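Asks: fold the following for me, if possible:
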Amino acid sequence: MKYKSTRGGINPISFTEAVMMGLASDGGLIVPEKFPDVGDQLDELSLLTYPELAMTIISLFVGDDIPEKDLKSMIDISYSTFDHDDIIPIQSVGDLHIMELFHGPTLAFKDVALQFLGNLFEYILKRNNSTLNILGATSGDTGSAAISGVRGKGNMNIFILHPHQRVSRVQERQMTTVLDENVFNIAIQGTFDDGQRIIKALFNDLEFKKEYCLGAINSVNWARIVAQIVYYFYGALKLRSGSSSGKVQLCVPTGNFGNIFAGYAATCMGAPISKLILATNENNILARFFESGIYEKSQVKQTLSPSMDIQIASNFERYLYYLLGENAQKLNDYMYDFDKNGTIDIRSKIDKKGVTTFVAKSGSDKHTLEMIKKYYEHYNYLLDPHTAIGVGIAEQFLEDGERTLCLATAHPAKFGEAIKQALGNDVAIHDSISALTHLPTRCTILSADKHTIQSYLIESIASHNPNTKSDLRAHK
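Replies: Predicted coordinates:
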């Protein structure tokens, strides 16, 4: 299996090279040269446990790059950190099914990919006798999951940017109470989109990226998408026999398009998925695109579902690349227009392949609170505010004889403020969250400026490794 860039500017690379490159060196996103087709193996795949299925799916993308026994060991270790025997249990709730992706160490779906990616980074660095400085931005859950995946591991540091006072209190403490020497938390005075912009600018400075060994842990890293593909197969395979069509529709709350792109990749591989229901909050750039064909950013709104408070979806470029028939030149032109004007209109110019896979709608904070209250009172099931958005939208697409599976992306205990608003008191409790209350924290507040962040990175890397050069002049 070889990999290329959506912008067409790199030679084919291996899986481990793709992992370490993160964002492609031409500014694009890395994608496989082709998706493997397993549509004729569904009966066999449906018999596998989650770790066995992960091994089967992930190995298709790894190829010969990692010995089978080493890959299996990585996968087994990664999912041993989850607190449920099924890893991602599926619950029947009312007319829906809910796949709980929050049983990992930071209680969010990001753990499914980032526990694996942290072990993968460690394996590659050890094999190559190299070092890595991981750089990422988070709207809430990615940061704590990424930190959990790499904290204390050798040969790597991690720098996570989060928008100051724009994540939940629990999300903030899950990040800032980690005091390992290789963990650096940065609260930027801006939005998540500002953080993504800074990250992209630093990765596009190829000299800086190479000199300081930068690596990506956001969902731009292809390994994260690969790990997420697995649970789309798992959920669809578990429920397909009860659906009249033999396929399942999945509803995904999303802001950055990485999670749902993994679902799109699964459909390309033959997973029994009839429809992907994209659910956004009031930051609805993605819902507006699938309704109108126009991708246009606006101002970020703070909502009760902060992990989706995003206006520029980092992974949308991957999907657009496939809509354009894998035409890198067209993709470059559209992304240039978007960077310049903040909008692109592709209604009359796209290859329609794949468009029908998606339907999309957005929900409000009022809608979120109503769904939390309804499902708690009617079904004794507590939704976090992101999953509540998805569940409310999924209800609008129910079809007789068809099964609908909603992705539960976080444990409700991470969002006690929203639960209290919906129910009058915070009934969402989790021991690991309660334990954060009195722990010491460490975080640096910086302006949302590329050079400010770059200076901090250089100084921090130099202090952590005195042999590292710390001259800023060449990078200003």
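
Asks: which SS class is Ile188?
Replies: At Ile188, secondary structure determined by DSSP: H, G, I helix; E, B strand; the rest coil is strand.

Asks: who does it bridge with?
Replies: Per DSSP bridges, residues listed as beta-bridge partners of Ile188: Pro163, Leu446.

Asks: identify the residues contacting it.
Replies: By Cβ atoms under 8 Å, 6 or more residues apart in numbering, the contact list for Ile188 reads 161-164, 194-195, 198, 445-448, 453. The way it works is simple: take the backbone N, C-alpha and C, and place the C-beta from them, glycine included.

Asks: how about stretch 10-29 as PDB, C-alpha atoms only?
Replies: Taking Å, rounded to 0.1, in the frame of the first residue of the first chain, the C-alpha atoms of stretch 10-29 are listed here in PDB:
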ATOM      1  CA  ILE A  10       4.700  14.100  -3.400                       C
ATOM      2  CA  ASN A  11       6.000  10.800  -4.700                       C
ATOM      3  CA  PRO A  12       4.300   7.700  -3.400                       C
ATOM      4  CA  ILE A  13       5.300   6.900   0.200                       C
ATOM      5  CA  SER A  14       4.900   4.000   2.600                       C
ATOM      6  CA  PHE A  15       2.500   3.800   5.600                       C
ATOM      7  CA  THR A  16       5.100   4.700   8.200                       C
ATOM      8  CA  GLU A  17       6.400   7.500   6.000                       C
ATOM      9  CA  ALA A  18       2.800   8.800   5.800                       C
ATOM     10  CA  VAL A  19       2.400   8.600   9.600                       C
ATOM     11  CA  MET A  20       5.600  10.500  10.200                       C
ATOM     12  CA  MET A  21       4.900  13.100   7.500                       C
ATOM     13  CA  GLY A  22       1.500  13.900   9.000                       C
ATOM     14  CA  LEU A  23       0.500  16.800   6.700                       C
ATOM     15  CA  ALA A  24       1.900  16.300   3.300                       C
ATOM     16  CA  SER A  25       4.900  18.300   2.400                       C
ATOM     17  CA  ASP A  26       3.000  20.000  -0.500                       C
ATOM     18  CA  GLY A  27       0.400  21.300   2.000                       C
ATOM     19  CA  GLY A  28      -2.200  18.600   1.100                       C
ATOM     20  CA  LEU A  29      -3.600  15.700   3.000                       C
END
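
Asks: could I get the buried residue list for it?
Replies: The neighbour-count check on stretch 10-29 (16 or more other Cβ atoms under 10 Å) flags 10, 13-16, 18-29 as buried.

Asks: just these: which are in helices?
Replies: Of the buried residues of stretch 10-29, the ones assigned to helices by DSSP state H are 15-16, 18-21.

Asks: any chance of TSV for the residues you listed, columns pLDDT and distance to Asp37?
Replies: Shown next, in TSV, are these (pLDDT from 0 to 100; distance: Cβ to Cβ, whole Å):
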residue	pLDDT	distance to Asp37
Phe15	98	18
Thr16	97	23
Ala18	96	20
Val19	95	23
Met20	93	27
Met21	92	26
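
Asks: now render these as TSV, adding distance to Thr176.
Replies: Listed next are these as TSV, based on distance: Cβ to Cβ, whole Å:
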residue	distance to Thr176
Phe15	33
Thr16	32
Ala18	31
Val19	27
Met20	28
Met21	29
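
Asks: grab the two from those that are most spread out in space.
Replies: Using Cβ to Cβ, these reach their maximum pairwise distance at Phe15 and Met21, which is 10.7 Å.

Asks: ok, the residue lying closest to Lys301 once chain neighbours are set aside - contacts?
Replies: Counting by Cβ to Cβ, 6 or more residues apart in numbering, Glu282 is the residue found nearest to Lys301 once chain neighbours are left out, at 5.0 Å. Contacts were defined as Cβ under 8 Å, 6+ apart; by that measure Glu282 touches 301, 303, 362-365.

Asks: ok, now Arg442?
Replies: When contacts are counted by Cβ under 8 Å, 6+ apart, Arg442 touches 176, 179, 185.

Asks: just say helix, strand or coil for the nearest residue to the first one once chain neighbours are set aside.
Replies: So the one you mean is Thr176. Across the structure, with Cβ to Cβ, 6+ apart as the measure, the residue nearest Thr176 apart from its sequence neighbours is Thr441 (4.0 Å). Here Thr441 takes the coil state, with states given by three-state DSSP.

Asks: separation between Thr441 and Arg173?
Replies: Taken as Cβ to Cβ, to the nearest Å, the spacing of Thr441 relative to Arg173 amounts to 7 Å.

Asks: how about Thr254?
Replies: Distance from Thr254 to Arg173, counting by Cβ to Cβ: 24 Å.

Asks: for Gln41, same thing?
Replies: 43 Å.

Asks: hang on, the earlier thing: out of the contacts of Ile188, who's the most crowded?
Replies: When neighbours are counted as other Cβ atoms under 10 Å, the busiest of the contacts of Ile188 turns out to be His162, with 27 neighbours.

Asks: how much space between it and Asp194?
Replies: Applying Cβ to Cβ, one obtains 11 Å for the distance of His162 from Asp194.

Asks: can you pull the contacts of Ala201?
Replies: Contact partners of Ala201, counting by Cβ under 8 Å, 6+ apart, are Lys450.

Asks: where does the stretch 1-150 of the chain dip in pLDDT?
Replies: Within the stretch 1-150 of the chain, no stretch falls below the threshold (pLDDT under 70).

Asks: which of Gln41 and Arg173 has more residues huddled nearby?
Replies: Neighbour comparison, Gln41 and Arg173: the larger count goes to Arg173, with 19 against 12 (by other Cβ under 10 Å).

Asks: quick one: residues contacting the nearest residue to Ser46 once chain neighbours are set aside.
Replies: With Cβ to Cβ, 6+ apart as the criterion, Ser46 has its nearest non-adjacent residue at 4.2 Å, and that residue is Leu237. With contact taken as Cβ under 8 Å, 6+ apart, Leu237 is in contact with 42, 45-46, 271-272.

Asks: okay, helices next: where are they in the stretch 101-250 of the chain?
Replies: When assigned using DSSP state H, counting those that start in this stretch, the helices of the stretch 101-250 of the chain occupy the ranges 110-128, 141-150, 169-176, 192-204, 206-211, 222-239.

Asks: outside of the second one, which residues touch it?
Replies: Here helix 141-150 makes contact (Cβ under 8 Å, 6+ apart) with 104-106, 108-111, 113-119, 121-122, 134, 136, 138, 156, 158, 160, 162, 167, 171, 174-175, 178, 182-183, 185, 217-219, 307, 409-410, 414.

Asks: how about stretch 54-69 as CSV, C-alpha atoms only?
Replies: The C-alpha trace of stretch 54-69 is given here as CSV (Å, rounded to 0.1, in the frame of the first residue of the first chain):
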residue,chain,number,x,y,z
ALA,A,54,-8.8,-3.8,13.9
MET,A,55,-5.9,-6.0,13.1
THR,A,56,-7.5,-7.2,9.8
ILE,A,57,-8.5,-3.7,8.6
ILE,A,58,-5.4,-1.8,9.7
SER,A,59,-3.1,-4.4,8.3
LEU,A,60,-4.6,-3.7,4.8
PHE,A,61,-3.3,-0.1,5.0
VAL,A,62,0.1,-1.0,6.7
GLY,A,63,1.1,-3.7,4.2
ASP,A,64,4.6,-5.0,4.7
ASP,A,65,5.7,-1.9,6.5
ILE,A,66,5.4,-3.3,10.0
PRO,A,67,5.7,-7.1,10.8
GLU,A,68,2.4,-8.7,11.6
LYS,A,69,3.4,-9.7,15.2
